[in-house]
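**Student:** Sequence below, structure please.
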Amino acid sequence: MAATRKPAGTRKVSAAATHVEAPGPTEIRSEPVRAELLRASVWLGLALLIAACVVLIQPILLIFAAIVMAAILDGGTRLLGRVLPIARGWRLLIVCLSALAFIVWTMMFAGSQIAAQAVSLQSVVMAQMERLAAWASDHGMGSFKLDTKTISDNFAGTFGRVTAAVGSVVGALTSLVMILVLGVFIAIEPRLYERGFAWMLPMKHRQDFYITTARMGFTLRRLMAGRLLGMFVEGVGTWLACLAVGIPMAALLGLLTGLLAFIPNIGAIVSGVLLVLVGFSAGTDTGLWAIIIYLVVQTVDGYLIVPMVAKKTVDLAPALVLGAQILFGALLGIMGLFLADPIVAMIKVALEREAERNAGTADGTAEAS
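**Tutor:** You can find the predicted model right below:
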């Protein structure tokens, strides 16, 4: 009986199937070398991440500002829920409409008056600064040359040029609209974004992430509640007090004082300087009244409102906040100056949570041993 012969192609396939692949020249078989390369790739990835953050610092700051705005809206929604038991969406709509109505009312009833006062504020402040410079020169303190361009250039140099997008009126309005829109979207369903971010983390870290973000949200809401209450008290109080004693541009000074109250330390100094300069432009007695008003308003805010609302939750040392404002203002510009306080508060919460985890791990290890 003739033997069955296999086709030549079959023999070639079998030979190829039994061939053992040999390592190529790029194959790394050494475990120490592979470990070192993995370590190097981690450091390279970290360096690239830092570089990306530096390049994208402007949108990162806008996103964080939107988170702060969302915390304000969420805090108002929660507070309204204590007295109005309706759906969260309706409460958020009421808060947004109330804020919009307040802005429209301010622009309609006080806008023309504030605009007229803003025109004369610059001339009044520059005249007072020139008087101070002349007084300093007469008393041998040197010669000072002050003008609007020099002051604005020094201000821009002090607070950096990173945030170029808010360097013009159009850029500032665009950034403000982006912050408001993002803030509203985040406030509508904050848990959605929290779960989405947690989804990218390992399962064992998600519970700790939820705890940390819950504390950050609570801290940010309390911090912003204190800021808003302080802005309202300082702005309205300064406006009414200036009207009572006859200080010029009372409405504009009240508005500026209220807005600058969002920035602790530096905002109070700037608003106080403006108030005193405008006060002394109307006479010595009015200037002394301006100093008294500034001291009373800042005392009420610093020793009543801040301890009552914010300091119980966010116990930040004034020197720490001021140092962060100087650092973030120089590195990140005016946006960094505005957001320095919330950023420091969030870092503090994260570090406290990490310390709790480390203490819990240490206690568990000690009990096991």
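**Student:** alpha carbons only for contacts and neighbour counts from here, please
**Tutor:** Fine.
**Student:** sec struct for Leu316, please.
**Tutor:** Here Leu316 is recorded as coil under DSSP: H, G, I helix; E, B strand; the rest coil.
**Student:** Which pLDDT does the model give it?
**Tutor:** pLDDT recorded at Leu316 is 73.
**Student:** How about Ala330?
**Tutor:** Per the predicted model, pLDDT is 80 at Ala330.
**Student:** Same question for the one 10 residues further on.
**Tutor:** At Ala340, the predicted lDDT confidence score is 87.
**Student:** count of neighbours near it?
**Tutor:** 23 (other CA atoms under 10 Å).
**Student:** Could you list the buried residues of the helix or strand containing it?
**Tutor:** Here Ala340, judged by DSSP states H and E, is contained in helix 334-368. Buried residues in helix 334-368, defined by neighbour count with 16 or more other CA atoms under 10 Å: 334-346, 348-350, 353.
**Student:** Check stretch 243-263 too.
**Tutor:** 247-263.
**Student:** so how far is the first residue of it from its last?
**Tutor:** 24 Å (CA to CA, to the nearest Å).
**Student:** List the contacts of that stretch.
**Tutor:** With CA atoms under 8 Å, 6 or more residues apart in numbering as the test, stretch 243-263 has contacts from 110, 113-114, 117-118, 121, 227-228, 230-240, 242, 267-268, 270-271, 274-275, 278-279, 282, 286, 289-290, 337-338, 341.
**Student:** Any quick PyMOL command for the buried ones out of those residues?
**Tutor:** In PyMOL syntax, the buried subset of these is picked out as below (16+ other CA under 10 Å):
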select buried, resi 114+117+121+227+228+230+231+232+233+234+235+236+237+238+239+242+267+268+271+274+275+278+279+286+289+290+337+338+341
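**Student:** tell me the angle the host helix or strand of Val273 makes with helix 334-368.
**Tutor:** Here Val273, judged by DSSP H and E, is contained in helix 266-281. Helix 266-281 runs at 140 degrees relative to helix 334-368, counting by axes from the mean of the first three to the mean of the last three CA atoms, to 10 degrees.
**Student:** how far out from the middle of the chain is helix 266-281?
**Tutor:** 25 Å (CA atoms, centre = their mean, to the nearest Å).
**Student:** what's it packed up against?
**Tutor:** helix 111-138, helix 250-260, helix 284-300 (3 or more CA pairs under 8 Å, 6 or more residues apart in numbering; DSSP states H and E).
**Student:** Can you add distance to Leu37 and give these back as CSV?
**Tutor:** What follows is these, written out as CSV (distance: least, CA to CA, whole Å):
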stretch, distance to Leu37
helix 111-138, 61
helix 250-260, 51
helix 284-300, 57
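**Student:** between those helices, which gets the lowest average pLDDT?
**Tutor:** helix 111-138 (a mean of 71).
**Student:** now the most centrally placed residue in the chain, nearest residue through space, not along the chain?
**Tutor:** The residue lying closest to the centre of the chain (CA atoms, centre = their mean) is Leu339, at 2.6 Å. Counting by CA to CA, 6 or more residues apart in numbering, Ala65 is the residue found nearest to Leu339 once chain neighbours are left out, at 7.1 Å.
**Student:** The one you found: neighbour count?
**Tutor:** Neighbours of Ala65 (other CA under 10 Å): 25.
**Student:** Would you quantify the distance from it to Glu356?
**Tutor:** Going from Ala65 to Glu356 by CA to CA gives 28 Å.
**Student:** Same question for Ala324.
**Tutor:** From Ala324 to Glu356 the distance is 24 Å (CA to CA).
**Student:** backbone phi and psi for Ala261, please?
**Tutor:** Backbone torsions for Ala261, taken as degrees, to the nearest 10, come to phi -70, psi -20.
**Student:** err, Ala87, not the other one
**Tutor:** phi -60, psi 150.
**Student:** per-residue confidence at Trp199?
**Tutor:** 87.
**Student:** who's in contact with it?
**Tutor:** For Trp199, counting by CA under 8 Å, 6+ apart, the contacting residues are Arg206.
**Student:** Next one: it from Met231, what distance?
**Tutor:** Relative to Met231, and taking CA to CA, Trp199 is found at 38 Å.
**Student:** mind checking which helix or strand of this structure has the lowest mean pLDDT?
**Tutor:** Sorting the helices and strands of the chain by mean pLDDT, DSSP states H and E puts helix 8-17 at the bottom, at a mean of 49.
**Student:** Report the distance from the helix or strand that that helix is followed by to the chain centre.
**Tutor:** Using DSSP H and E, the helix or strand that directly follows helix 8-17 along the chain is helix 31-55. Its chain's C-alpha centre and that of helix 31-55 lie 29 Å apart, by CA atoms, centre = their mean.
**Student:** Downstream of helix 31-55, the next helix or strand is which one?
**Tutor:** In N-to-C order, the element after helix 31-55 by DSSP H and E is helix 57-81.
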